[in-house]
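Undergrad: Fold the following.
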Amino acid sequence: MPQQVQGVVAPGRNEPVRVETILIPDPGPGEAVVMVQACGVCHTDLHYKQGGINDEFPFLLGHEAAGVVESVGEGVTDVAPGDFVILNWRAVCGSCRACLRGRPWYCFDTHNAKQRMTLLDGTELSPALGIGAFAEKTLVAAGQCTKVDPAVAPSVAGLLGCGVMAGIGAAVNTGNVGRGDSVAVIGCGGVGDAAIVGARLAGAARIIAVDIDDRKLETATSMGATHTVNSRTADPVEAIRELTGGFGADVVIEAVGRPETYEQAFYARDLAGTVVLVGVPTPDMKLELPLIDVFGRGGALKSSWYGDCLPSRDFPMLIDLHQQGRIDLAAFVTETIGLGDVEKAFARMHEGDVLRSVVVL
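TA: Residues are numbered from 1 along each chain as shown. Sure, this is the predicted structure:
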């Protein structure tokens, strides 16, 4: 029987979000209902609210979450009621051409729950990234549930559901940062700082943080950056080259998602170096680069989808590293808030003094 719960809905483009009563259907085949315990407020949720992803309003926001499985549908064997899980938005299919080639982190046919959650009047909701976790409970595909050690705090575990995994994975998985490498990270929000953590974890010798806000650069230093560049007052390309013997960084991670910063990343890398785009651009953005420079500088230009992660592999591993004290996931949590505070959390993003606001239920 459908359950009534409270959730945060974006009713229309740039309209204030509001807490609404939503209906959660019983899980069908391959689905699970999860009692959400914590969900981070991510820039992607703001993009949904602004219509920057698509216009399938109303949206049930929230996707960076952890909680406990309440019930499962027919055929679900990987998780069971009572399991503590992190929700992921790339449930791999196991049968597409990427999966069959042994590259499931590229899965081309990821899936979500088939049933829709609705408002009380029957209006269907579009769950953000197929999750919709700014809610007391949510309906997802069972493959979106990754079981991890329940000893870790939900407010910390949920961060791996999006931003922190995207950043760490951009460095470790997509960028293939190795021991002794030089790395530059452009944009030191939550994803950029996670990329710094990933670069440090991978053994990078020099990690250069670039941002226009000195407060963010200070935080980046606490996360592992060895050098900082304020690109409001210095040319970041020249600064990165100067800090790398005049050559440029081996790997440059662009965590902003703008043409200007991508161009900076392109020219701030060494010859045959790697650029990783993990910042999410909007559909209207265009990039223009001289093709001779693309050819002449060599190397690799990569996009990082969700940090090219495999949740079943990477989530438990990173939770273990956190529990061992080798990475500090709790450092990303700036504040904990309630469902009714999400609109204020969006406003705080623009003030530059928050890595993650986390809704705790």
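Undergrad: Contacts only, for residue 174.
TA: Applying CB atoms under 8 Å, 6 or more residues apart in numbering, we find residue 174 in contact with 276, 278, 302-304, 307-308. Where you see a C-beta, it was placed from the backbone N, CA and C, and this is true even at glycine.
Undergrad: Please indicate which of the residues you listed are buried?
TA: Buried residues within the contacts of residue 174, counting neighbours by 16 or more other CB atoms under 10 Å: 276, 278, 302, 304, 307-308.
Undergrad: May I see the residues you listed organised as TSV, with distance to residue 95 and secondary structure added?
TA: Listed next are the buried ones among the contacts of residue 174 as TSV, based on distance: CB to CB, whole Å; DSSP: H, G, I helix; E, B strand; the rest coil:
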residue	distance to residue 95	secondary structure
276	28	strand
278	27	coil
302	25	strand
304	24	coil
307	23	helix
308	19	helix
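Undergrad: for residue 10, what are its contacts?
TA: Counting by CB under 8 Å, 6+ apart, residue 10 has contacts 17, 48-49, 57-59, 61.
Undergrad: Filter the residues you listed down to just the ones in helices.
TA: Judged by DSSP state H, the contacts of residue 10 include 48-49 as members of helices.
Undergrad: Save the contacts of residue 10 as JSON lines, and put in pLDDT too.
TA: Formatted as JSON lines, the contacts of residue 10 follow (pLDDT from 0 to 100):
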{"residue": "17", "pLDDT": "97"}
{"residue": "48", "pLDDT": "94"}
{"residue": "49", "pLDDT": "95"}
{"residue": "57", "pLDDT": "98"}
{"residue": "58", "pLDDT": "98"}
{"residue": "59", "pLDDT": "98"}
{"residue": "61", "pLDDT": "98"}
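Undergrad: on that earlier part again, return the closest of the contacts of residue 174 with respect to residue 249.
TA: residue 276 (11.0 Å; CB to CB).
Undergrad: Residue 299 is in contact with the closest one, correct?
TA: No. Contact criterion CB atoms under 8 Å: residue 276 and residue 299 do not qualify, at 11.1 Å.
Undergrad: Among the buried ones among the contacts of residue 174, which pair sits farthest apart?
TA: 302 and 307 (11.5 Å).
Undergrad: Spell out the secondary structure type for residue 98.
TA: helix (DSSP: H, G, I helix; E, B strand; the rest coil).
Undergrad: so residue 36 makes contact with residue 140?
TA: No. In this structure residue 36 lies outside contact range of residue 140 using CB under 8 Å: 10.2 Å.
Undergrad: Give me the common contacts of the two.
TA: Contact criterion CB under 8 Å, 6+ apart; residues shared by residue 36 and residue 140: none found.
Undergrad: Could you report the neighbour count for residue 351?
TA: 9 (other CB atoms under 10 Å).
Undergrad: What of residue 76?
TA: Residue 76 has 19 neighbours, counted by other CB under 10 Å.
Undergrad: swap in residue 157?
TA: With other CB under 10 Å as criterion, residue 157 counts 28.
Undergrad: ok, now residue 95?
TA: 10.
Undergrad: quick one, what contacts the spatially closest residue to it that is not a sequence neighbour?
TA: Nearest in space to residue 95, with sequence neighbours left out and distances taken as CB to CB, 6 or more residues apart in numbering, is residue 109 at 7.4 Å. Going by CB under 8 Å, 6+ apart, residue 109 touches 93, 95-96.
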